[in-house]
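**Q** just coords:
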């Protein structure tokens with residue numbers, strides 16, 4: 001494959017820019033070698049950076065590859081995932097963000113989600129910390145592998161590299177600036193990447209409409225090929241989408257409260273009051289991005305009707321349209337947006353996995369009195385170790401980004417989502433209930449995914465959330481509820497929140 005020089009130059013300039021941010025924050029961080037600085041940026045994120053970086057780290061290559069591919073096959077009915085994610089984003093910023101920011105500071109100045117669980121439930125046994133760390137590492141390795149797969153597909157499609165070479169190059173780029181810069185590098189690169197992602201997502205449908213004579217002619221052409229692609233409640237073959245299929249797609253929104261790499265942004269904000277501003281920015285970004293992503297898949301059916309995509313190639317529709325529609329220099333910038341979406345999630349996931357390994361295994365089992373400087377070094381090595389394992393998982397060239405993301409999203413969402421929400425709003429929840437909910441949620445996803453047929457086709461996150469919530473409530477009640485110390489701290493948080501209204 002011949003790559004236009006302009007495309008290559010713009011693409012490489014973008015990579016250099018991202019690496020420069022990592023180096024900048026590495027040098028800046030030399031004056032603050034605290035673990036809090038490396039993992040949480042000193043709780044100093046402004047609303048814009050927090051909102052856009054949360055969205056960018058959330059959506060990943062899934063937004064520019066997985067969802068357009070699903071919409072290419074299923075049409076508007078794939079948009080139910082987007083509707084669920086918009087509602088989930090709004091819920092997360094409205095009901096979780098502010099309380100979580102305040103509670104994590106009150107509960108022992110927690111800097112990781114495992115810290116929060118341990119401090120919130122006064123767990124001296126360290127069981128909550130260890131169990132949460134196991135699930136974080138398990139599902140984040142799968143999630144990170146999905147980002148590496150997306151990177152390999154990108155380099156394969158754009159530069160004609162073989163899968164292994166593309167996988168290796170993408171992994172090295174992501175790994176480099178995550179190890180160097182820590183949380184601030186990740187958050188600031190996510191800001192730039194999130195803006196670039198939106199520009200590219202909006203630009204591609206506009207380019208298709210322009211080349212095909214406008215919006216109406218394009219949509220008429222889609223309708224002529226398959227009218228069911230433009231119906232929310234129909235499968236491409238004309239059959240009804242069905243109640244449980246619709247609910248399963250909407251259930252993606254349940255994942256947000258349980259995503260450590262997203263709610264970490266809440267913890268890192270400089271002021272809890274700024275969550276309202278961040279919410280408006282985040283919801284707008286998500287709505288625009290998801291609408292454009294679905295639209296790309298749908299209009300791609302028309303634009304590529306002479307050479308339709310098959311199999312896993314459907315996830316390349318966005319990249320193929322970019323190369324076909326735009327000047328090579330613009331194409332290079334927009335293709336960099338694909339890499340941006342991959343990097344913005346993989347870096348955040350690596351950092352959370354690193355923090356879990358460092359705080360929840362190394363410090364607990366190997367060196368309890370380790371200095372912050374030592375923990376930062378161990379954290380950087382943990383990023384490398386997790387990357388290597390994810391790289392091995394991603395070696396299969398037949399892997400699909402959407403499948404990997406779907407499984408990891410369900411696992412994290414069901415394992416941690418109910419615990420986070422209930423811990424913020426129910427003062428009688430206790431340690432035993434939290435442990436039970438975590439185990440039930442995580443294991444439900446692992447077991448449910450092995451079942452098939454009939455009702456078991458429901459997306460794993462839904463039963464995981466339901467069973468986890470029930471386990472938390474019943475076990476907390478049966479074991480006597482929360483201690484007075486826990487209730488007093490809960491009321492302290494409520495008092496602080498009321499004073500800020």
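**A** Good, I have the coordinates. Predicted model only: the values in this text are computed from it and were never measured.

**Q** For the nearest residue to residue 290 once chain neighbours are set aside, pull up the helix or strand it's in.
**A** In space, residue 290 comes closest to residue 82 once its chain neighbours are excluded; the distance is 3.6 Å by Cβ to Cβ, 6 or more residues apart in numbering. C-beta coordinates here come from the backbone N, C-alpha and C atoms, glycine included. Remark: residue 82 resides in helix 79-91, with elements defined by DSSP states H and E.

**Q** try residue 474
**A** Assigned by DSSP H and E, residue 474 belongs to helix 461-478.

**Q** and that helix with helix 79-91, angle?
**A** Counting by axes from the mean of the first three to the mean of the last three Cα atoms, to 10 degrees, helix 461-478 lies at 40 degrees to helix 79-91.

**Q** can you give me the offset of the next helix or strand after helix 461-478 from its chain's centre?
**A** Downstream of helix 461-478, the next assigned helix or strand under DSSP H and E is helix 484-500. Centre-to-centre, helix 484-500 and its host chain are 30 Å apart (Cα atoms, centre = their mean, to the nearest Å).

**Q** so how far is residue 442 from the residue lying closest to residue 476 once chain neighbours are set aside?
**A** Spatial nearest neighbour of residue 476, chain neighbours left out: residue 433 (3.2 Å); criterion: Cβ to Cβ, 6+ apart. According to Cβ to Cβ, to the nearest Å, residue 433 and residue 442 sit 15 Å apart.

**Q** Likewise for residue 476?
**A** Here residue 476 is placed at a distance of 18 Å from residue 442 (Cβ to Cβ).

**Q** Residue 289 too?
**A** Distance, residue 289 to residue 442, using Cβ to Cβ: 29 Å.

**Q** more crowded one of these two?
**A** Comparing residue 289 with residue 442 by other Cβ atoms under 10 Å, the one with more neighbours is residue 289, at 27 against 24.

**Q** Go ahead and confirm the more buried one touches residue 198.
**A** Yes: the pair residue 289 / residue 198 is scored as a contact, 5.8 Å apart, by Cβ atoms under 8 Å.

**Q** and the closest residue to residue 237 other than its chain neighbours, how many residues sit next to it?
**A** Ranked by Cβ to Cβ, 6+ apart and with sequence neighbours excluded, the top spatial neighbour of residue 237 is residue 228, at 7.2 Å. If you count neighbours by other Cβ under 10 Å, residue 228 ends up with 18.

**Q** Which other helices and strands does the helix holding residue 474 contact?
**A** Packing partners of helix 461-478 (3 or more Cβ pairs under 8 Å, 6 or more residues apart in numbering; DSSP states H and E): helix 401-425, helix 431-448.

**Q** looking at this, residue 428 is in a strand?
**A** No: Residue 428: not assigned to a strand; according to DSSP: H, G, I helix; E, B strand; the rest coil it is coil.

**Q** For it, give me phi and psi.
**A** Backbone geometry at residue 428, expressed as degrees, to the nearest 10, gives phi -90, psi 0.

**Q** Just give me the residue right at the centre of the chain.
**A** Centroid-nearest residue in the chain, with Cα atoms, centre = their mean: residue 58, separated by 2.7 Å.

**Q** In contact with that one, which residues are there?
**A** Applying Cβ atoms under 8 Å, 6 or more residues apart in numbering to residue 58 gives the contacts 89, 256, 259, 261-262, 286, 345.

**Q** Just the buried positions in stretch 301-317, please.
**A** Using 16 or more other Cβ atoms under 10 Å as the test for burial, stretch 301-317 gives 301-304, 309, 312, 314-317.

**Q** nearest to residue 224, of those?
**A** residue 302 (8.7 Å; Cβ to Cβ).

**Q** The closest one: which element?
**A** Going by DSSP H and E, residue 302 is part of helix 275-303.

**Q** and the angle from that helix to helix 79-91?
**A** For helix 275-303 and helix 79-91, the angle between their directions (the same axes, to 10 degrees) works out to 170 degrees.

**Q** Point out the other helices and strands that helix 275-303 packs with.
**A** Going by 3+ Cβ pairs under 8 Å, 6+ apart, helix 275-303 lies up against helix 47-61, helix 67-74, helix 79-91, helix 97-106, helix 163-211, helix 215-225, helix 317-325.

**Q** out of the ones you listed, deepest packed?
**A** Scoring those by mean neighbour count under mean count of other Cβ atoms under 10 Å gives helix 47-61 as the most buried, with a mean of 27.

**Q** Just checking the distance from it to the centre of its chain.
**A** Mean-position distance between helix 47-61 and its chain equals 9 Å (Cα atoms, centre = their mean).

**Q** how about the nearest residue to residue 125, chain neighbours excluded?
**A** Distance criterion Cβ to Cβ, 6+ apart; nearest residue to residue 125, sequence neighbours excluded, is residue 431 at 7.9 Å.

**Q** Now tabulate the contacts of residue 58 in a markdown table and tack on distance to residue 470 and secondary structure.
**A** Output for the contacts of residue 58, formatted as a markdown table (distance: Cβ to Cβ, whole Å; DSSP: H, G, I helix; E, B strand; the rest coil):
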| residue | distance to residue 470 | secondary structure |
| --- | --- | --- |
| 89 | 25 | helix |
| 256 | 20 | helix |
| 259 | 22 | coil |
| 261 | 27 | helix |
| 262 | 24 | helix |
| 286 | 30 | helix |
| 345 | 31 | helix |
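
**Q** quick one: which of those is nearest to residue 446?
**A** Using Cβ to Cβ, residue 259 is the member of the contacts of residue 58 that sits closest to residue 446, with 17.8 Å.

**Q** For the closest one, give me the pLDDT.
**A** Listed pLDDT for residue 259 reads 89.

**Q** Give the burial count for it, as a bare number.
**A** Burial measure for residue 259: 29 neighbouring residues, criterion other Cβ under 10 Å.

**Q** Once you drop chain neighbours, what's closest to it?
**A** Per Cβ to Cβ, 6+ apart, closest to residue 259 is residue 412, 5.6 Å.

**Q** Looks like that neighbour contacts residue 255 (just checking).
**A** Yes: Residue 412 is within contact range of residue 255, at 6.7 Å (criterion: Cβ under 8 Å).

**Q** More neighbours: which of these two?
**A** Counted by other Cβ under 10 Å, residue 412 and residue 255 do not tie: residue 412 has more neighbours, with 31 against 28.

**Q** Quick check: which helices or strands does the host helix or strand of residue 382 pack against?
**A** Here residue 382 sits within helix 372-393, counting by DSSP H and E. Contact here means 3+ Cβ pairs under 8 Å, 6+ apart; on that basis helix 372-393 packs against helix 35-40, helix 127-159, helix 163-211, helix 328-357.

**Q** Residue 418 is nearest to which of those?
**A** Smallest distance to residue 418 across the helices and strands packed on helix 372-393 (Cβ to Cβ): 13.0 Å, for helix 127-159.
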